[in-house]
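> curious how this folds, go ahead:
(4 chains, ligands or ions: 2)
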Amino acid sequence: MSTTPRWFGEAAGDELTIYERSRPGRRAFVAPPLDVPERPLDELLPARLRRSQAPRLPEVSEPELVRHYNRLSKRNFDLDTGFYPLGSCTMKHNPKLHERVAALDGHARLHPLQDPRYAQGALELMWQLQQALAEIAGLPFVSLQPSAGSHGELAGVLLTRAYHEDRGQHRTKVLTPDNAHGTNPATVTMAGYEVVKVGTDPQGNVDLDDLRSKAGEDVACLMLTNPSTVGLFESGIEEIAKIVHGVGATLYYDGANLNAIMGICRPGDMGFDIVHFNLHKSFTQPHGGGGPGAGPIAVSERIEPYLPRPVIVRRASGSNGAEPEYDLDYDRPKSIGRLRGFHGNYGVFVRSYAYIRSLGAAGLREVSETAVLNANYLLALLRREGVAEYLPAAYDRLCMHEFVLSGAPMKRELKIKTLDLAKRLLDHGVHPPTVYFPLIVDEALLVEPTETETKETLDRFAEAIAGILREAREDPETARGAPYTTPVRRLDEAGAARRPVVRQQN
Amino acid sequence: MSTTPRWFGEAAGDELTIYERSRPGRRAFVAPPLDVPERPLDELLPARLRRSQAPRLPEVSEPELVRHYNRLSKRNFDLDTGFYPLGSCTMKHNPKLHERVAALDGHARLHPLQDPRYAQGALELMWQLQQALAEIAGLPFVSLQPSAGSHGELAGVLLTRAYHEDRGQHRTKVLTPDNAHGTNPATVTMAGYEVVKVGTDPQGNVDLDDLRSKAGEDVACLMLTNPSTVGLFESGIEEIAKIVHGVGATLYYDGANLNAIMGICRPGDMGFDIVHFNLHKSFTQPHGGGGPGAGPIAVSERIEPYLPRPVIVRRASGSNGAEPEYDLDYDRPKSIGRLRGFHGNYGVFVRSYAYIRSLGAAGLREVSETAVLNANYLLALLRREGVAEYLPAAYDRLCMHEFVLSGAPMKRELKIKTLDLAKRLLDHGVHPPTVYFPLIVDEALLVEPTETETKETLDRFAEAIAGILREAREDPETARGAPYTTPVRRLDEAGAARRPVVRQQN
Amino acid sequence: MSSYISTTEADRREMLAAIGVGSVEELFADIPERLRLREPLELDAPRSEQEVFEELRALAARNVSVEQELSFLGAGMYDHYVPAIVDAITGRSEFLTPYTPYQPEVSQGTLQAMFEYQTAICELTGLPVANASVYEGPSAVAAAGYVAKLENSRRRFVVSQGVHPHAREALRTLAHAWDMEVEEVALKDGVTAVPELDEEVSALVLQQPNFLGAVEDLEQLTAAAREAGALTICSCDPIALGVLKTPGECGVDVAVGEGQPLGGRLDFGGPSFGFFASTEALLRRLPGRIAGETRDVDGRRGFVLTLQTREQHIRRERATSNICTAQALNALGGVIYLSWLGRRGMVELAELLVRRTAYARERLGAVEGVSLVHSQPVVREFAITLDAPVQRVVERCREAGVNPGYALGHDYPELSDGLLVALTERRTRADIDRLCEVLGSAVQAEHPRVEARA
Amino acid sequence: MSSYISTTEADRREMLAAIGVGSVEELFADIPERLRLREPLELDAPRSEQEVFEELRALAARNVSVEQELSFLGAGMYDHYVPAIVDAITGRSEFLTPYTPYQPEVSQGTLQAMFEYQTAICELTGLPVANASVYEGPSAVAAAGYVAKLENSRRRFVVSQGVHPHAREALRTLAHAWDMEVEEVALKDGVTAVPELDEEVSALVLQQPNFLGAVEDLEQLTAAAREAGALTICSCDPIALGVLKTPGECGVDVAVGEGQPLGGRLDFGGPSFGFFASTEALLRRLPGRIAGETRDVDGRRGFVLTLQTREQHIRRERATSNICTAQALNALGGVIYLSWLGRRGMVELAELLVRRTAYARERLGAVEGVSLVHSQPVVREFAITLDAPVQRVVERCREAGVNPGYALGHDYPELSDGLLVALTERRTRADIDRLCEVLGSAVQAEHPRVEARA
Ligand SMILES: Cc1ncc(COP(=O)(O)O)c(C=O)c1O
Ligand SMILES: Cc1ncc(COP(=O)(O)O)c(C=O)c1O
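Ligands and ions are numbered 1, 2, ... in the order given. Take a look at the predicted model:
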């Protein structure tokens, strides 16, 4: 340790992994007693089937384990700590109530193979959540099974395939805009289709001419994000739907940006056939440092027969006014089949259901209105002198819930890149926006403040950006060397990829 | 904010209180609906009885509330973060299991006035905990009622009073050693007695001659900590007991240092009449930044009649082999009465009971053995050259679970005080030991590592101390100006006391 | 080796060598041989985490919590809804595991929270100063009595019978040691009769609302105390302070109370916290920790424990109290709860309770065999008496899953069939209707006039 | 205004002015008028926190959790004891609320935990590389299938019927889109018959222990695959790996599995995590995030997401998978759990299960009307068949508070009265004895030979 450590609480030994803390003989686990006859293991499990060596897991006591992971946690920046305007990710507040209700025994300790008659609460919750999501999407049928956004995309494209095949059509291509999120093209390939890119016009919308030229009978689907990944609403959406449906293709809605339009307009009404939701974006499932999430899909009537199995059914319990009964229906001959085990990420459903219940229709609309208001306000703040010259908005319009800036002039004039700006923001105690996405904007910065931030926070963020640019005018080196206050500074990513060390060899 | 903030995550606005974050109209609470007739308030509660102004509580949304207190929490150093060798405080690991079991509805949401027949689990737990504490103390009767150590002391001295009064004796003095914790003399006064100090001999033990000279018929009690506050076992304890009992006084055991002797020897066997436990020290109740704790007392037969009311009784349920029944007995005519409401800090009992159950007799003995081993090992490490010249042990002996160093030579030779050393330790990511207590050692440093620390941690701590002394030899200013890496640096305490600002005037 | 200890056999050997002894036993050489235990303690064998969990769960299952019945128990602790944020924050290690903030540079979280808490308590009570917590409600009354004793050295407390019986008893326990008397004042029409006070009276001790739920006319009472040169101590329900005239406005010198209603668990009675506020004049007599605002050497705002010369660790036998460990974590829960409620929410909640309680009282009062003990204004709790043996009525109600309240006979022999019924925002109109129905039939069934009983 | 939003009316006015529009409505000008909703969504009215809590609690109460019955359900997810430390750490905001670690300087907590997790998975599986998680068990099998497809472009998967039915189905769902066939291999004596494999086979897909609980002799099977130039994919019960020969040692190329047994909640089936390990040769084909070790500019050790050129955000349509958000928090729980178990504990736990399971199997096998489906070695789960209709037997058991296991008929029609019985360390000998007793009487009662039925 240097004479003066760099951050509060830094201590000698901080660099160690849990394996390096291990000492033979230490332990946190105490086994429950062996209460059955102790027969020689060889009788029960022949040696040739047994492992020759214990796995080299750490040997640590509980206090060490607690400190290790507790101290590690402090090396993270998180949403409960500060502003996290990561574009396309909807880093909105995660209500604390949700963790409480998800932890109730009846939810958290319910076995997935419990007989449905003894899991009525869970099935009802799922059914109710489906109803709400259907209403929000404007599409009548929902499957909660997919595990995340990209899993929902995969489900959606497989549904498209099943739909066409059921009609005896063999289509080979799926269209995705050039500003699409990477999961869209990756999904297309994984679902056995070929990707065809559609361009973006100078205003940031889908280039309709390009779309028309590419929309042929071999096209199975157009995947679209709306508002798009540049934070703009596709005002030509009805025309787009017409073109796509005109060639018999389906229109897929990537719901990552749903936070902009809840209760304001609906993908179903726009002509979309299939929608996925990111419950970990619009519906407050905490991101967990990269999951878990859930990616339910809502579909139109014509897609419904193909939904993943099983589906939840609700039966009115006769005429005696009893509670309706919920069940799982596996008898779905046209289903694409399962995408995963059991019924999806139920724990996530609990949280999102609690959220929808807390807000109701008015609350969801308020979410979207405020998300869009906050984004436009922040954009307006950043249009001020001293910022806009270096970091202009990529599209000089009002935005929806997020907006793209281009760092190209900054790079040119001040010799600092978007990456440098991002790293310098870390020294201001805020998380940087998404950088270098979408790909179609040079030195892109995608900023999504979300509805749960205060005006003061937005003001301070604009101030921080202005301050960094001011600083860079005098001294670009500071930004180029940033960050300085973080537990580690810039890391050698190239080296890591060249000689990958992906586990500890102890 | 300065150009480069000082610590990871520091952000503009960090200095604000929750009141300063308030904005009219924001809210985290949504009231449940009014489901009864809305009658004018005046009809129900005349205006003259009502407050004229709403209390100026903050108006904040849930996300702000979360961030505010979350960020505040990061301005604390805590036991799960690092070494916390605060002498006399037994900062041992707080097992995570305890928080889980204490939170179970059946414990956490049990109303204290529930009919005992419907609180049998709670009463049994309390009864079992009493049995275990009695066994550990070597004294047969326990009351769990006192809320903390000093409350236990108060109970103990009041019991002493009741005992003497019941014998028609009017005694006026209580003896406390000159190295006693401040709560001992404060308790004596609060219980209506006069404090008489007993000296310490050069080896750190009670000065027996002084004790003999002061132990008269007017003495009600001697309060003793054993091991004492200088971390030494009073080897003359049997003689002490003889002297005290010889004049008809009671012998009171301040259990703050029980961690050294669990399963090794027992206060009851030493001749103590009354013992208090600090469940928040020896028995893992987390300290909570200054409570909650619990200070149960164990007493001998002759003291039992005076115990606080109610006491828990256990009734074998007839001969039919049924479970025994537990009840609360209020009919205790000689009782000193209640010290507080209800039955004591039950939530604390749950944790301490879980702890005793987890460890059993062997585990408790291991605790004390290891606590004493760790302390002696650390003391041995600090006896090395470069440290011992400046920070000698106050008593050149083996210690029990903690030891006292004197910073007097350091102050003389290096011109840095114990306070400076402590503050500089903060820059090394460890919490300093207790400083300037006990009062009888000049520039005292009281170090209690506890049993839950690793040898590596003790090694690093000794290294940090040596490093600071090394640094001070070259440059005492650095220590005198420390700390540097903490959220705030040295604070003006004198100014705070001169013009006290104890609330925010908004 | 237990899972909480890291010292392996190898470590032990190395460490003993460094110390220069041959065995751990030698480290205990100072303990006379005779005193050393030769046998292990008689305690149950150690258990794995899983087993301890199962045992504690089984014990919990033998208690009937407020989640398992429709409970109208109150009488000092109340089943309010505790928002999730309270658990989320107080459960953070950073607040849960540190000691009292002796090193302010690394304790700003706790210290600032204390300061914010003190501010909230001042706002609630209408008094200018508050400490950072005492143990809990009833002992806070005794602690306030000690302040009065120190302040005026008089020899008698006059205590309303409207004060919680536990608080009265806790004060008595200490007053005896202080050689002081405790005189009780009866209630009249449910409220404290204005007593005659002389110069021997150190303090008049009240509760607002009183134990039978009635709102006291504090101004009259403090006037009487002021006239006699005595202090007024008032224990308050902090939730009721959302709507009641503040103790400060009413002339109370020391306002204390049980903090559990402010986001605390019931926990079978503890841990919770006691709040403690006073006039400026008594600031230097307050017990316990007080956080104060100051600056660091760089001019940054910060907080410290202040006025420590009142306290035991500095002032020792002349301290204003012996309290050391208090209830910091619970008080933190309190300020989070109050900030969650907020300025408007606090009032909304209290007003909701006033209205629901009025509804409940009116409906219950109309039940045959039930009568009201008084007709004073109430906030969230009220006393009734039954035309039937209360224990049997309660037992019948329980069979229907309803715990109708606290039987008053133990504390108020004159109300031998009395019941104290408490509400929180968790008890809805439907719940109240159910109480009326269940209690009504139970009273009917147990009514002495009704002959046919099993 | 909801409690999650801070924008007051006053804020809104100021903000609109700064933007230069007159109303929020104007911000939505790009949305065609026709598409804008004129009516609010048809959703239930907003509720307070307390009400939502009550509703979710009421729903939970309508499920029978493993705490409320003696459950022997397994079949992919198991009721292991989850140590408190897992919840304590994964519940910390610092791990719970950040996004995928795109900014490594402020994400070292997540990144280092991923690295430690990967290491643990490598240790368990005996394979040299692992990713940071995929969604869950069955989809992990499908994801492994995609790796095989990318690796060798062959057209057929050969899948053992010992593989979890959900995993077989998930693979089928995707294989169809890849234009690949899925051929199933039957079990013989409870284990996978060594199949004939040709060059069209992309991968042989196995499960260890298999769905009926039997330990497969993996070495024989991987040898057959190797011979045909096919990969072997094996889905493993991670707890069983505490005692079983590792997939790596047995020649498996890709080991995947359901991570829930490693400290995860049951959660009615999710979220959990899938683990994914492989040979070095397949490193650059792995799906999802991988953390790698590196240094910062000051030479400090640090961790980053590495080999990102495999991933969708860089490689787009040529990515090795479309996965983006995975299961970081669950995998964190996994590594904490594994570190809690530790080197010896992992083995002790697995061996305890082997012994308890042997006891249970022997005792159940001796119950009249119960027979074992196979006599292969097992670790913690085994299949039995009943001489009585399984649904009725199960129903009878439930009346006695026992859930005896998973009925196999739905997935294995040939085992129409089969039951899969699973153990964890939470099921004691006494629990097993109770199962035998209850199941025995239920079978007796439902036995076709027994005539007298109600
Ligand atoms: C526009 C868009 N689509 C899809 C995804 C993928 O969602 P997930 O990470 O849940 O798989 C994302 C995630 O960032 C996204 O921003
Ligand atoms: C020796 C000693 N006695 C008594 C006490 C008082 O205990 P409590 O803080 O629980 O009131 C302490 C606390 O530090 C102590 O160290």
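> avg pLDDT for stretch A:377-394?
Stretch A:377-394 carries an average pLDDT of 97.
> hmm, that stretch touching chain B?
No. If you take C-beta under 8 Å from any C-beta of the partner chain as the test, stretch A:377-394 misses chain B, and the best it gets is 14.5 Å. Backbone N, C-alpha and C define where each C-beta goes, glycine included.
> how about stretch C:54-68?
Yes. Stretch C:54-68 lies within reach of chain B by C-beta under 8 Å from any C-beta, at C:55-68.
> would you write a ChimeraX line that selects the buried entries of these?
Selecting only the buried entries of the residues of stretch C:54-68 next to chain B in ChimeraX, with 16 or more other C-beta atoms under 10 Å in any protein chain shown as the criterion:
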select /C:55,56,57,59,60,62,63,64,65,66,68
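> farthest pair in the residues of stretch C:54-68 next to chain B?
With distances taken as C-beta to C-beta, the most widely separated pair in these is C:E55 and C:V66, at 22.7 Å.
> quick one: C:R154 from ligand 2, how far?
Separation of C:R154 from ligand 2 (C-beta to the nearest ligand atom, to the nearest Å): 28 Å.
> which parts of stretch C:402-418 are buried?
C:V402, C:N403, C:P404, C:G405, C:Y406, C:A407, C:L408, C:D411, C:Y412, C:L415, C:D417, C:G418.
> stretch C:170-189 now?
C:170-178, C:180, C:182, C:184-185, C:187.
> now render these as TSV, adding secondary structure and distance to D:L41.
Shown next, in TSV, are the buried residues of stretch C:170-189 (DSSP: H, G, I helix; E, B strand; the rest coil; distance: C-beta to C-beta, whole Å):
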residue	secondary structure	distance to D:L41
C:A170	helix	56
C:L171	helix	58
C:R172	helix	62
C:T173	helix	61
C:L174	helix	61
C:A175	helix	64
C:H176	helix	67
C:A177	helix	67
C:W178	coil	67
C:M180	coil	67
C:V182	strand	63
C:E184	strand	61
C:V185	strand	60
C:L187	strand	55
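> can I get those in JSON lines with distance to chain D and pLDDT?
Below are the buried residues of stretch C:170-189 laid out as JSON lines (distance: C-beta to the nearest C-beta, whole Å; pLDDT from 0 to 100):
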{"residue": "C:A170", "distance to chain D": "33", "pLDDT": "98"}
{"residue": "C:L171", "distance to chain D": "36", "pLDDT": "98"}
{"residue": "C:R172", "distance to chain D": "39", "pLDDT": "98"}
{"residue": "C:T173", "distance to chain D": "38", "pLDDT": "98"}
{"residue": "C:L174", "distance to chain D": "39", "pLDDT": "98"}
{"residue": "C:A175", "distance to chain D": "41", "pLDDT": "98"}
{"residue": "C:H176", "distance to chain D": "44", "pLDDT": "97"}
{"residue": "C:A177", "distance to chain D": "42", "pLDDT": "97"}
{"residue": "C:W178", "distance to chain D": "44", "pLDDT": "98"}
{"residue": "C:M180", "distance to chain D": "44", "pLDDT": "98"}
{"residue": "C:V182", "distance to chain D": "40", "pLDDT": "98"}
{"residue": "C:E184", "distance to chain D": "39", "pLDDT": "98"}
{"residue": "C:V185", "distance to chain D": "39", "pLDDT": "97"}
{"residue": "C:L187", "distance to chain D": "34", "pLDDT": "97"}
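> can you tell me which of those residues are up against chain A?
Answer for the buried residues of stretch C:170-189 near chain A: none qualify (C-beta under 8 Å from any C-beta).
> and the residue in the stretch 251-400 of chain A positioned nearest to ligand 1, how many neighbours?
Nearest to ligand 1 in the stretch 251-400 of chain A, going by C-beta to the nearest ligand atom, is A:A256, at a distance of 3.3 Å. A:A256 has 26 neighbours, counted by other C-beta atoms under 10 Å in any protein chain shown.
> can you tell me the closest non-neighbouring residue to A:G295?
A:G152 (3.0 Å; C-beta to C-beta, 6 or more residues apart in numbering or on different chains).
> before we move on, which element is that neighbour in?
Here A:G152 sits within helix A:149-166, counting by DSSP states H and E.
> and C:R295, by the same measure?
strand C:291-295.
> may I see the buried residues of that strand?
Of all the residues in strand C:291-295, those buried under the rule 16+ other C-beta under 10 Å are C:A291, C:G292, C:E293, C:T294.
> again, but for stretch C:22-32
For stretch C:22-32, a neighbour-count test (16+ other C-beta under 10 Å) marks C:V24, C:L27, C:F28, C:D30, C:I31, C:P32 as buried.
> so how far is stretch C:418-428 from its chain's centroid?
When distances are taken as C-alpha atoms, centre = their mean, to the nearest Å, stretch C:418-428 is centred 18 Å away from the chain's centroid.
> mean confidence score for that stretch?
Averaged across stretch C:418-428, pLDDT comes to 98.
> next up, the contacts around A:R384.
A:R384 makes contact with A:A462, A:A466, according to C-beta atoms under 8 Å, 6 or more residues apart in numbering or on different chains.
> er, A:T450 I mean
Going by C-beta under 8 Å, 6+ apart, the list of residues near A:T450 reads A:P85, A:T90, A:M91, A:K92, A:H93, A:N259, A:A371, A:N374, A:H401.
> and which of the residues you listed is nearest to ligand 2?
For these, the nearest to ligand 2 is A:H93 (37.5 Å; C-beta to the nearest ligand atom).
> that closest one sits in which helix or strand?
A:H93 belongs to no helix or strand, assigned by DSSP H and E.
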